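Asker: Pasted the sequence and its predicted model underneath.
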Amino acid sequence: MCLSNPRVYALIQLSEMATELEDQRELATSRLTELEKLQKDHEEAVKDIETLKMDVRDLARLDSLLIVSCTQNCNKIQSTWRFPWNFFITKLMGSKSWEQQCF
């Protein structure tokens with residue numbers, strides 16, 4: 001092979017460039033596949049985050065309902081203990097309850 005011949009030299013360069021082009025295409029395909037996988041993973045992560053945000057909102061709503069419910073129950077208990085008429089009447093009338101003695 002004679003490298004001094006311009007045609008041979010051009011063919012060798014063309015062959016090398018074709019090989020380089022094929023390598024670059026393979027690399028580009030590999031990177032595109034990796035990017036598509038990362039994009040899919042990102043979309044799944046965004047969906048998971050949105051689901052978790054909704055769960056947190058639901059928990060906050062349930063927590064506030066629980067606090068209100070507990071507060072209401074505590075208020076009921078406190079109001080019952082503020083005016084324990086049955087307890088006082090039972091003590092005044094003996095061991096039998098007020099209802100048992102009246103009926």
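Answerer: Looks like it arrived, so ask away. The structure presented is a predicted model; accordingly, all values stated were derived computationally and were not measured. Numbers count the residues shown, from 1 in each chain.

Asker: roughly how far apart are Glu50 and Gln13?
Answerer: As judged by Cβ to Cβ, to the nearest Å, Glu50 and Gln13 stand 54 Å apart. C-betas here are computed from N, CA, C, even on glycine.

Asker: let me redo that: Leu59
Answerer: Distance from Leu59 to Gln13, by Cβ to Cβ: 67 Å.

Asker: Low-confidence ranges, this protein, go.
Answerer: For the chain, the stretches flagged by pLDDT under 70 are 1-4, 65-103.

Asker: at 90 what do you get?
Answerer: 1-11, 55-103 (pLDDT under 90).

Asker: For the protein, which segments count as helices?
Answerer: Secondary structure of the chain (DSSP state H): helices located at 6-82, 85-93, 98-102.

Asker: Determine the set of other helices and strands touching the first one.
Answerer: To tie it back to what came earlier, the one meant is helix 6-82. Using 3 or more Cβ pairs under 8 Å, 6 or more residues apart in numbering; DSSP states H and E as the contact test, no helix or strand touches helix 6-82.
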